[in-house]
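> Just the structure for this:
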Amino acid sequence: MKLKFFLCATLFFLLARFAATAEPTTDLAARIDPLFSLVAHSNWPGGEVLVARNGRIIFEKGYGFARVEARTPFTDETRFRIGSLTKQFTSAAIFKLAEAGKLSIDDPLSKFIPDWPRGDKVTLRQLLTHTSGIHNFTAKPGFYEHVTEPISMAALTASFKDDPYDFNPGEKYSYCNSGYVLLGCIIEKVSGESYGDYLRTTFFRPLGMKHTGVYRAGAPPQGEALGYSYTNGTMVRAVNWDMSEVSTAGELYSTAHDLFLWNEAVFNHRVLSEAGLKTAFAIGGVKLDDPTHPEDVGYACGWTRDWLNGAREISHGGELWGFGSYLLRLPDYNLTVVVLLNCAPQPPNIQQWVLAREIARRVLGSELPNDGKPKVVEILPADAARAVGGYDLGGGAILTVTTETNHVFAQITGRPRFELFPKSDRSFFVPGGNAEATFVRNAANQVVKVILKEGGDRIDAPRVAN
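Residues are numbered from 1 along each chain as shown. Model prediction:
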């Protein structure tokens with residue numbers, strides 16, 4: 001799953017990054033194969049990689065085994081569970097219904113589920129952008145104890161209906177599977193079809209996606225990859241989730257080829273109109289955001305926006321025990337990268353989002369505008385001083401910001417201090433990672449919160465009193 005907390009992101013800063021990308025050779029395999037050397041030389045699970053450019057597949061290959069015990073190789077028809085990548089399809093369904101005039105993304109939740117607590121204060125847009133404040137059911141104690149058991153959508157929504165809100169709607173961003181389950185309920189109610197039937201008739205069948213659908217434990221798809229977990233240096237079979245436990249927030253399966261078809265359709269406006277797609281790609285705004293400094297990274301509506309070596313990236317990933325997925329698009333280069341894994345937790349250097357981004361680098365090489373390293377700029381002492389203070393990360397963790405001779409440092413409760421390097425008078429980065437800290441100011445030029453971002457994820461941490 002996507003990293004939800006900057007506390008986790010700081011650990012990411014310490015991970016070794018891949019070596020600098022060499023200039024392209026004529027052989028894509030020579031550039032991509034080394035990333036999977038650990039898997040390729042072991043009797044292990046692995047995954048499927050697909051790269052396409054300008055609507056044409058230029059590379060597709062499997063590494064490792066779809067079924068280790070039978071030594072079954074991957075094919076272009078191997079089905080993987082894609083986890084939270086499902087959200088992209090749930091979002092597209094909502095926007096498709098909006099284009100048909102059957103709903104508006106600014107409708108209140110109460111219009112569709114009248115008895116939902118505070119439902120008149122929550123909009124569909126907030127559900128789509130993880131800014132509703134509704135508590136995330138997958139973060140509840142004991143959730144993982146029953147992931148192998150089937151559950152109905154009604155029972156699932158009832159399980160978090162009465163949970164207190166984490167914050168007032170629109171006040172913050174916090175990744176929330178609950179919101180996407182509620183969106184699934186709305187899709188079924190408005191369309192009059194089941195979620196799976198609506199996606200099949202609206203998207204899968206017209207786009208030729210023959211190997212994508214809702215995963216059902218009692219009727220697994222033909223040719224599916226089995227899931228494994230890397231534990232204590234060895235591979236074991238992963239816990240076999242009943243995907244109804246995450247419902248329309250993560251229950252789909254697909255293939256690398258079908259996801260290529262999907263991405264081509266999305267970016268060529270065969271899924272949504274140009275206007276609809278523009279709205280779907282818009283970052284969800286929250287309270288106290290500074291409209292004079294709009295963000296260009298963060299979570300939109302089922303897609304994340306980021307930068308890769310100076311190139312615009314629009315992507316999303318998914319992860320559950322046994323499976324990882326990442327679908328990446330660099331729209332200015334018409335480049336799609338799909339990475340599907342059948343192992344989670346993964347072995348070292350086999351994280352799907354890291355692999356997808358590195359593959360994009362190795363495919364494009366010197367075509368990318370820069371080396372991906374943010375440039376340090378000089379800032380005034382007053383700008384550095386404005387950031388000094390404590391910021392509430394939630395869960396008892398505080399980010400403490402200090403300065404020394406115009407250098408800015410940060411420290412999360414219980415962890416070592418690290419330096420923040422300025423890329424502007426209010427935005428800072430951590431070398432070796434793609435994490436940023438943006439200090440948001442009010443009309444009086446006082447910092448009121450910090451927005452922490454890592455790979456499209458976001459945490460809004462309000463400033464605390466001294």
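> all helices for the chain, in order.
Secondary structure of the chain (DSSP state H): helices at 6-13, 28-32, 37-40, 86-99, 124-128, 153-161, 177-191, 195-199, 205-207, 256-267, 274-280, 352-364, 381-386.
> Give me the longest strand you can find in the protein.
The strand that spans the most residues within the chain, counting by DSSP state E, is strand 311-320.
> Grab the nearest non-local neighbour of Ser159.
Phe137 (6.1 Å; C-beta to C-beta, 6 or more residues apart in numbering). C-beta: built from backbone N, CA, C; applies to glycine.
> Sorry, slip of the keys, the one I care about is Val464.
In this structure, Val464 finds its nearest non-sequential neighbour in Gly390, 4.6 Å apart by C-beta to C-beta, 6+ apart.
> Run through the residues that contact that neighbour.
Neighbouring residues of Gly390 by C-beta atoms under 8 Å, 6 or more residues apart in numbering: Ile398, Leu399, Thr400, Val401, Arg463, Val464, Asn466.
> remind me which residues of the protein are low pLDDT?
The chain contains residues with pLDDT under 70 at 1-26, 295, 371-373, 432-434, 455-456, 466.
> Domain map for it?
46-370, 381-462 (automatic domain parsing).
> Need the winner for burial among those domains.
Most buried of the domains of the chain, by mean neighbour count (mean count of other C-beta atoms under 10 Å): domain 46-370, with a mean of 19.
> and the longest strand of the chain, how far from the chain's centre?
5 Å (C-alpha atoms, centre = their mean, to the nearest Å).
> cool, and stretch 273-291?
Put simply, stretch 273-291 sits 16 Å off its chain's centre (C-alpha atoms, centre = their mean).
> what sits against Val286?
Thr131, Gly170, Glu171, Lys172, Tyr173, Asp460.
> Could you identify the most distant pair in those residues?
Pairwise distances across the contacts of Val286 (C-beta to C-beta) peak at 11.1 Å, for the pair Gly170 and Asp460.
> residues in contact with the residue lying closest to Gln446 once chain neighbours are set aside?
Using C-beta to C-beta, 6+ apart and skipping residues adjacent in sequence, the residue nearest Gln446 is Arg386, 7.2 Å away. Arg386 makes contacts with Phe439, Arg441, Asn445, Gln446, Val447, as judged by C-beta under 8 Å, 6+ apart.
> Any chance of the residues you listed in JSON lines with distance to Ile412 as columns?
What follows is the contacts of Arg386, written out as JSON lines (distance: C-beta to C-beta, whole Å):
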{"residue": "Phe439", "distance to Ile412": "16"}
{"residue": "Arg441", "distance to Ile412": "22"}
{"residue": "Asn445", "distance to Ile412": "26"}
{"residue": "Gln446", "distance to Ile412": "23"}
{"residue": "Val447", "distance to Ile412": "18"}
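> So which of those residues belong to strands?
If you go by DSSP E, these have Phe439, Arg441, Val447 in strands.
> The second one pairs with what?
Going back to what we said before, that points to Arg441. Val447 (DSSP bridges).
> Can you give me the distance of it to Gly284?
Arg441 sits 20 Å away from Gly284, going by C-beta to C-beta, to the nearest Å.
> residues in contact with the nearest residue to Lys375 once chain neighbours are set aside?
Spatially, and ignoring its direct neighbours in sequence, Lys375 is nearest to Lys423 (6.6 Å; C-beta to C-beta, 6+ apart). Counting by C-beta under 8 Å, 6+ apart, Lys423 makes contact with Pro374, Lys375, Val376, Val377, Phe429, Glu436.
> among the residues you listed, which are in strands?
Checked against DSSP E, these include these in strands: Phe429, Glu436.
> Gln126: which of the contacts of Lys423 is nearest?
Nearest to Gln126 among these is Glu436, at 23.3 Å by C-beta to C-beta.
> Could you verify my assumption that the closest one touches Leu452?
Yes: assessed by C-beta atoms under 8 Å, Glu436 is found in contact with Leu452 at 7.5 Å.
> The longest strand of the chain packs against which elements?
Counting contacts by 3 or more C-beta pairs under 8 Å, 6 or more residues apart in numbering; DSSP states H and E, strand 311-320 packs against helix 86-99, strand 304-308, strand 323-330, helix 352-364.
> Try it again at 7 Å.
helix 86-99, strand 304-308, strand 323-330 (3 or more C-beta pairs under 7 Å, 6 or more residues apart in numbering; DSSP states H and E).
> Any chance of the ones you listed in CSV with distance to Asp33 as columns?
Listed next are the helices and strands packed on strand 311-320 as CSV, based on distance: least, C-beta to C-beta, whole Å:
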stretch, distance to Asp33
helix 86-99, 28
strand 304-308, 21
strand 323-330, 18
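> so which of those comes closest to Leu288?
In terms of C-beta to C-beta, the element of the helices and strands packed on strand 311-320 nearest to Leu288 is strand 304-308, at 19.9 Å.
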